[in-house]
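S.K.: The following comprises the amino acid sequence and a computationally predicted model.
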Amino acid sequence: MARLNNQPQPGFTIPSSVAVVIGVVVGIGIFRLPPIVADHAASGLQFMLFWLAGGVISLLGALCYAELAASRPDAGGEYHFLSRAFGRPPAFLFAWARMTVIQTGSIALIAFILGDYASQLLPIGPWGAAVYATLTIIVLTVLNMLGTRHSRRAQNLFTGLIIALLILLPIAALISVPSAPVPAPAPADDTMGSLLGDGSLGMAMIFVLLTYGGWNEAAYLSAELHDVRRNMVRVLMYAIGTITLLYLLVNAAYLHVLGLEGLREADTVASLLAERIFGDIGSIIVSVIVMLAALSTANATIITGARTNYALGRDFGLLRFIGRWNGRRNTPVHALLVQGAIALLLVALGAAFEESISTIVDYTAPVFWFFIMLTTATLFVFRRQHGGDTNSYRVPLYPLVPLLFLLACAGMLYSSLTYTGLGAVIGVAILASGVPVYLWAVKQQARE
């Protein structure tokens, strides 16, 4: 019985799990990334189709992840799947990528978005966004090092505020604000052909799917979801369906009020939308809510990222420095320090470029899509090894659905490598640096 108490126990229902997934996905990206997507759209219709496509692609991926999580529930999520299918090396590289690229890149991205909104309220010069981002990371890292416990109620409150904004603001905009003038159509040309040819489609979908990103974190709930074999697919389908509807609603409001051209020029688009509806006070209120939500999201990312890093250090002696747990403060102090230092370096990287947020996205996108694709490929390995678990959920239309999602992942990986800048090169180089680190770690373990 004591052994059972040391294992994760089912505590999540379908509604609570859906709430977690929505809370992870529906973050502050929807308040900053739509203008960047609009830059790559040839028309308002195409802009909306990008967001619909993002929901469809996410649903395909969720169906694949649902089978993996239902048939092999484990708190290790993707790390567990990769380790079981391909062995320790890919699993190590995945954990290395989360520490150096994916999680730290997310922290830097969130901090920059907070910095944009903070600079709107209290400008402090051309480097204001980077300064606010730096302060955010330092303060939250120090608070976690001191053992400050994350408040689940506060996290739920801020998630609720974001969802309320995504419902109330667009409804108010669509009802009370006249439509923005539609510009005259451009001279006839092959719009779709030019869009595909110059990489705009791929670039747009990188930012769209980043805004949808986070549904894969449901895999980490698999060990704690009631009747996971049947309920995981329901959790993901309900969550992604709800998120897609919210995103289509809010982006329709952006287009309705600002128009495509106005949207392209709006960095703090949510505050601008609120200003058009409610005046200056509306803009201030929305900016404050987005900033508070960004603090909450950044804090949650710092907490989960540091604990993944701690586990990596615990499993590999070479990285034992980050695998030490401070019992007095009940927190992985060294893992937090390393994570914070990497995130600050990424803020410096972003600040060195005119488009700081795009640079951070470039840094994370290739690595993220590589491991999403690799994790999806484990489905074929498990089916070949065991034929699939007939007692749990199985992805429909196999192998068509996972093949379609793998093609989408390959397309995102190609776009993130081909049409991005120096940030992508650096991200891939950091991932590659994990190979000699792994070999060194294995060699040291063999000596011990």
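M.R.: On my side now, so go ahead.

S.K.: so where's this structure uncertain?
M.R.: Where the chain drops to pLDDT under 70, the residues are 1-12, 75-76, 147-156, 180-199, 218-224, 329, 387-391, 448.

S.K.: Centroid-nearest residue for it?
M.R.: residue 213 (3.9 Å; Cα atoms, centre = their mean).

S.K.: and the residue nearest to it when sequence neighbours are not counted, how many neighbours?
M.R.: Nearest residue to residue 213 in three dimensions, chain neighbours excluded: residue 25, at 6.9 Å (Cβ to Cβ, 6 or more residues apart in numbering). For glycine as for every other residue, the C-beta is placed from the backbone atoms N, C-alpha and C. By the criterion of other Cβ atoms under 10 Å, residue 25 has 24 neighbours.

S.K.: who's in contact with residue 25?
M.R.: 212, 213, 214, 215, 239, 243 (Cβ atoms under 8 Å, 6 or more residues apart in numbering).

S.K.: which of the residues you listed sit farthest apart?
M.R.: Farthest pair in these (Cβ to Cβ) is 213 and 239. Separation: 12.9 Å.

S.K.: on that earlier part again, who touches the residue nearest to the centre of the chain in this structure?
M.R.: 25, 29, 368.

S.K.: and the last one, what helix or strand is that in?
M.R.: By that I understand residue 368. Assigned by DSSP states H and E, residue 368 belongs to helix 356-386.

S.K.: ok, residues contacting whatever helix or strand comes next after that helix?
M.R.: Later in the chain than helix 356-386, the nearest helix or strand by DSSP H and E is helix 400-418. Residues from elsewhere that reach helix 400-418 (Cβ under 8 Å, 6+ apart): 57, 60-61, 63-64, 199, 201-203, 205-206, 209, 362, 365-366, 369-370, 372-373, 376-377, 379-380, 395, 424, 428.

S.K.: Give the PyMOL command for selecting the buried subset of the residues you listed.
M.R.: Buried residues within those, by 16 or more other Cβ atoms under 10 Å, are selected in PyMOL with:
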select buried, resi 57+60+61+63+64+199+201+202+203+205+206+209+362+365+366+369+370+372+373+376+377+379+380+395+424+428
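
S.K.: Now do the contacts for residue 244.
M.R.: Counted by Cβ under 8 Å, 6+ apart, residue 244 has contacts 51, 52, 54, 55, 58, 59.

S.K.: In this structure the fourth one contacts residue 242, no?
M.R.: Read that as residue 55. No. Using Cβ atoms under 8 Å, residue 55 makes no contact with residue 242, being 10.1 Å away.

S.K.: between those two, who's got more neighbours?
M.R.: Neighbour count, other Cβ under 10 Å: between residue 55 and residue 242, residue 55 has more, with 20 against 16.

S.K.: Measure how whatever helix or strand residue 49 lives in sits relative to helix 356-386, angle-wise.
M.R.: Element membership for residue 49 (DSSP H and E) is helix 44-71. Helix 44-71 and helix 356-386 are oriented at 40 degrees to each other (axes from the mean of the first three to the mean of the last three Cα atoms, to 10 degrees).

S.K.: ok, and for helix 44-71, which residues are buried?
M.R.: Buried, per 16+ other Cβ under 10 Å, within helix 44-71: 44, 46-48, 50-51, 53-55, 57-71.

S.K.: how near is the residue nearest to residue 213 to residue 242?
M.R.: Residue 25 sits 10 Å away from residue 242, taking Cβ to Cβ, to the nearest Å as the criterion.

S.K.: mind listing the helices in the stretch 1-150 of the chain by residue range?
M.R.: 2-5, 14-25, 34-39, 44-71, 78-86, 88-97, 103-121, 128-145 (DSSP state H, counting those that start in this stretch).

S.K.: Among those, which comes closest to residue 274?
M.R.: Using Cβ to Cβ, the nearest of those to residue 274 is helix 103-121, at 11.6 Å.

S.K.: what distance separates the closest one from the middle of the whole chain?
M.R.: 14 Å (Cα atoms, centre = their mean, to the nearest Å).

S.K.: by contact count, what packs against that helix?
M.R.: Secondary-structure packing of helix 103-121 (3 or more Cβ pairs under 8 Å, 6 or more residues apart in numbering; DSSP states H and E): helix 128-145, helix 280-315, helix 333-351, helix 356-386.

S.K.: on that earlier part again, any idea how far the residue nearest to the centre of the chain is from residue 404?
M.R.: Residue 213 is 19 Å from residue 404, by Cβ to Cβ.

S.K.: Residue 42 too?
M.R.: 25 Å.

S.K.: Quick check, residue 361 in contact with residue 208.
M.R.: No. Residue 361 lies out of contact with residue 208 (Cβ under 8 Å); the separation is 11.3 Å.

S.K.: Setting aside sequence neighbours, what's the nearest residue to residue 103?
M.R.: residue 305 (3.4 Å).

S.K.: I should have written residue 17 there, sorry.
M.R.: In space, residue 17 is closest to residue 235, 4.4 Å off (Cβ to Cβ, 6+ apart).

S.K.: what number of residues lie near the residue nearest to residue 349 when sequence neighbours are not counted?
M.R.: Nearest residue to residue 349 in three dimensions, chain neighbours excluded: residue 359, at 6.5 Å (Cβ to Cβ, 6+ apart). Residues lying near residue 359 (other Cβ under 10 Å) number 24.

S.K.: show me the contacts for the residue nearest to residue 63 when sequence neighbours are not counted.
M.R.: Once flanking residues are discounted, residue 63 sits nearest to residue 395: 4.9 Å by Cβ to Cβ, 6+ apart. Contact analysis of residue 395 by Cβ under 8 Å, 6+ apart lists 63, 64, 66, 67, 379, 401, 402.

S.K.: surely the first one meets residue 396?
M.R.: Yes. Using Cβ under 8 Å as the test, residue 63 is close enough to residue 396 to be in contact (6.9 Å).

S.K.: coming back round to it: between the contacts of residue 213, which is closest to residue 265?
M.R.: After measuring those against residue 265 - Cβ to Cβ - the closest member comes out as residue 29, at 18.6 Å.

S.K.: that older thread, compare the helices and strands packed on helix 103-121 and give me the one nearest residue 116.
M.R.: helix 128-145 (5.2 Å).

S.K.: Render the CA-only coordinates of the closest one in PDB, please.
M.R.: Taking Å, rounded to 0.1, in the frame of the first residue of the first chain, the C-alpha atoms of helix 128-145 are listed here in PDB:
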ATOM      1  CA  GLY A 128      11.600  49.000 -22.500                       C
ATOM      2  CA  ALA A 129      10.200  45.600 -23.500                       C
ATOM      3  CA  ALA A 130      13.600  43.900 -22.900                       C
ATOM      4  CA  VAL A 131      14.000  45.700 -19.600                       C
ATOM      5  CA  TYR A 132      10.600  44.600 -18.400                       C
ATOM      6  CA  ALA A 133      11.200  41.100 -19.600                       C
ATOM      7  CA  THR A 134      14.500  40.900 -17.800                       C
ATOM      8  CA  LEU A 135      13.000  42.100 -14.500                       C
ATOM      9  CA  THR A 136      10.100  39.600 -14.900                       C
ATOM     10  CA  ILE A 137      12.400  36.700 -15.200                       C
ATOM     11  CA  ILE A 138      14.700  37.800 -12.400                       C
ATOM     12  CA  VAL A 139      11.900  38.500  -9.900                       C
ATOM     13  CA  LEU A 140       9.900  35.300 -10.600                       C
ATOM     14  CA  THR A 141      13.100  33.100 -10.500                       C
ATOM     15  CA  VAL A 142      14.200  34.600  -7.200                       C
ATOM     16  CA  LEU A 143      10.700  34.200  -5.700                       C
ATOM     17  CA  ASN A 144      10.700  30.500  -6.700                       C
ATOM     18  CA  MET A 145      14.200  30.100  -5.300                       C
END
